[in-house]
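Asker: Got a predicted structure here, sequence first:
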Amino acid sequence: MHANAPLTAEGRRRLVARVLEEGRPQAHVAAESRLARATVRKWVSRFRAGGEAALADRSSRPHRSPHQLDSGVVARIEVLRRDRKLPPRLIVDELAADGIDVSAATVHRWLRRLGISRLRDLDVTGNSHRQVRRIETDRPGQLVHMDVKKIGAIPTGGGWRVHGRGSTQDKAARRERVGYRYWHSAVDAHTRLAYTESLADEKAVTAAGFLRRATAFLGAHGITVEKVLTDNGSCYRSQLFDAALPDGARHRFTRPHHPQTNGKVERYNRTLGAEFAYARPWTSEKPSAPTTSSGGSSTTTTTEPTPPSETSPQPPSPRPLSPTS
């Protein structure tokens, strides 16, 4: 909004001048300005009470906040944060020991107002004080990372990457709505041996079937899966997925909103997309089983998975691995 727009400080001053300096009736000024009479009357009254400074915007903050946290408690929160670098949960415990009942959400809200909600805010150098802990394993199969990458399916004949945006083929592909493919991947943390399948969805039964086939693939290379690490997706939280875990294997989840914990497979997904999916335009869901090597990772992508046992849930039959159009 520019400085001379109506009802900015300058626009209000002009309204007041037309009433007080030119002697125009407030009703006429309101009609000419397409404003309510009460609006004109309000700004004239404010000018008479406080002069030109009264025409500026006022804060919407209430004059009093009876339920606001006491200033002494706020000072105590700031001291605990700055001196001991305590998180909100532990600050709540410290205040509770002094007989002060405050929620963690309230403490966090005040830390944000004070500008010290993040650890790096407490250090003049901007350091976060967080220790990056690299996940290292001693043997193959000790930890297997799993994840799903959603990627657009390729329409018959190719999409806009082949024919250009707005082309007849591009419009036909949009009407066709080919949907998406889901690349399920498993990466062994020690050897970086990776296994990927292109499947139709990311449902629990599909993820469970993929886990069985990935386990069989790793087993064929002499790797026994001991622990599986996934994010908190619903397919990984299901009972079907737990039932598909190898005997004696444990299932661990990453912290919510912390994909870096599963960084090996996250980075593998990026490499797979860059070196295969987006390496060149594709005109169809072409069957392929590429083998690539990047950053020490040996990647094997298959389109002929080992069928699950008769007693296990039957996942959808996988189609050939496919990049986006």
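Answerer: Everything's here; your move.
Asker: only C-alpha atoms for contact and neighbour calcs from this point on.
Answerer: OK.
Asker: From the contact counts, what lies against the helix or strand where residue 15 lies?
Answerer: With the criterion set as DSSP states H and E, the secondary-structure element containing residue 15 is helix 9-20. Here helix 9-20 touches helix 26-33, helix 37-50, going by 3 or more C-alpha pairs under 8 Å, 6 or more residues apart in numbering; DSSP states H and E.
Asker: Quick check: residue 114 vs residue 122, distance?
Answerer: Distance check for residue 114 against residue 122: by C-alpha to C-alpha, to the nearest Å, it reads 11 Å.
Asker: The two - which one has more neighbours?
Answerer: residue 122 (18 against 13; other C-alpha atoms under 10 Å).
Asker: Residue 82 is in contact with the more buried one, correct?
Answerer: Yes - counting by C-alpha atoms under 8 Å, residue 122 does reach residue 82; the two are 6.6 Å apart.
Asker: Quick one: the strands in the stretch 51-200 of the chain, in order.
Answerer: When assigned using DSSP state E, counting those that start in this stretch, the strands of the stretch 51-200 of the chain occupy the ranges 144-152, 180-188, 193-199.
Asker: Rebuild the ones you listed as JSON lines, extending it with mean pLDDT.
Answerer: Converted to JSON lines, those look like this (pLDDT from 0 to 100):
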{"stretch": "strand 144-152", "mean pLDDT": "92"}
{"stretch": "strand 180-188", "mean pLDDT": "93"}
{"stretch": "strand 193-199", "mean pLDDT": "93"}
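Asker: Could you chop the chain up by domain?
Answerer: Using automatic domain parsing, the domains assigned to the chain come out as 9-55, 71-122, 144-301.
Asker: Pretty sure residue 225 sits against residue 145.
Answerer: No - between residue 225 and residue 145 there is no contact under C-alpha under 8 Å: 10.5 Å.
Asker: Retrieve the pLDDT associated with the most centrally placed residue in the chain.
Answerer: With distances taken as C-alpha atoms, centre = their mean, the chain has residue 257 as the residue nearest its mean C-alpha position (6.6 Å). pLDDT recorded at residue 257 is 83.
Asker: what's the overlap in contacts for residue 122 and residue 82?
Answerer: Both residue 122 and residue 82 are contacted by residue 116, under the criterion C-alpha atoms under 8 Å, 6 or more residues apart in numbering.
Asker: about what we covered before: what's the angle from the helix holding residue 15 to helix 26-33?
Answerer: Comparing the axes of helix 9-20 and helix 26-33 via axes from the mean of the first three to the mean of the last three C-alpha atoms, to 10 degrees yields an angle of 140 degrees.
Asker: Any buried residues in helix 9-20, and which?
Answerer: Residues of helix 9-20 classed as buried: 9-10, 12-16, 19 (neighbour count, 16 or more other C-alpha atoms under 10 Å).
Asker: Same question for stretch 219-227.
Answerer: Across stretch 219-227, burial judged by 16+ other C-alpha under 10 Å covers 223-227.
Asker: sorry, back to before: look up how far residue 233 lies from the residue nearest to the centre of the chain.
Answerer: As for residue 257, its distance to residue 233 is 11 Å (criterion: C-alpha to C-alpha).
Asker: same check, this time on residue 174
Answerer: Counting by C-alpha to C-alpha, the gap from residue 174 to residue 233 is 29 Å.
Asker: ditto for residue 186
Answerer: Using C-alpha to C-alpha, residue 186 is found at 15 Å from residue 233.
Asker: quick one on the thing from earlier: now the helix holding residue 15: mean pLDDT?
Answerer: On average, the pLDDT along helix 9-20 is 92.
Asker: And it, how far out from the chain middle?
Answerer: With C-alpha atoms, centre = their mean, to the nearest Å as the basis, the distance from the averaged C-alpha position of helix 9-20 to the chain average is 48 Å.
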